[in-house]
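Asks: could you look at this predicted model? Sequence included:
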Amino acid sequence: MIDVHDPFVITPSSFNPKKNTQRAVLIGINYVNQKGELSGCHNDVLNIAKYLREVQGFKKENITILMDDGHHKDPTKSEIMKAYKKVVKESQDGDVVFCHYSGELTGFYVVI
């Protein structure tokens, strides 16, 4: 059972920032101007990014954000696959990788 009073830690105490890297792929799809448009997915991603930087110590340049907001790369299948393949290729033993998806979840799967 999860105790909500326990601290939530993404980066383990064994992480060595001199040798290793924290990386994240954050995806937020509101389906802008489409039937069934959502309203909170972009905020989810921006809040998670802020938390990763300010609380977990992730560097901005190691956080990939894909959102259908007109400011970031669009979260197309191609861009999502590129982001996941890149994080896998760049990561090594001891690195921390965090992936977050906010949006509808119908028939979504990733094979890397």
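Replies: Nice, I can see it.
Asks: in the chain, where is pLDDT below threshold?
Replies: Per-residue confidence of the chain (counting by pLDDT under 70) places the weak regions at 37, 106-112.
Asks: sketch out the helices for it, chain order is fine.
Replies: Defined through DSSP state H, the helices belonging to the chain, from first to last, are 41-54, 77-90.
Asks: who touches the last one?
Replies: What it means is helix 77-90. Residues from elsewhere that reach helix 77-90 (C-beta atoms under 8 Å, 6 or more residues apart in numbering): 21, 23, 25, 27, 64, 66, 73, 97, 99, 110, 112. The way it works is simple: take the backbone N, C-alpha and C, and place the C-beta from them, glycine included.
Asks: so which of the residues you listed are in strands?
Replies: 23, 25, 27, 64, 66, 97, 99 (DSSP state E).
Asks: just flag the most distant two among these.
Replies: Considering C-beta to C-beta, no two members of the ones in strands among the contacts of helix 77-90 lie farther apart than Leu66 and Val97, which are separated by 15.4 Å.
Asks: those two - which one has more neighbours?
Replies: Counting neighbours by other C-beta atoms under 10 Å for Leu66 and for Val97 shows that Leu66 has the greater number, 21 against 16.
Asks: the more buried one bridge partners, please.
Replies: Applying DSSP bridges to Leu66 yields these beta-bridge partners: Ile27, Lys73.
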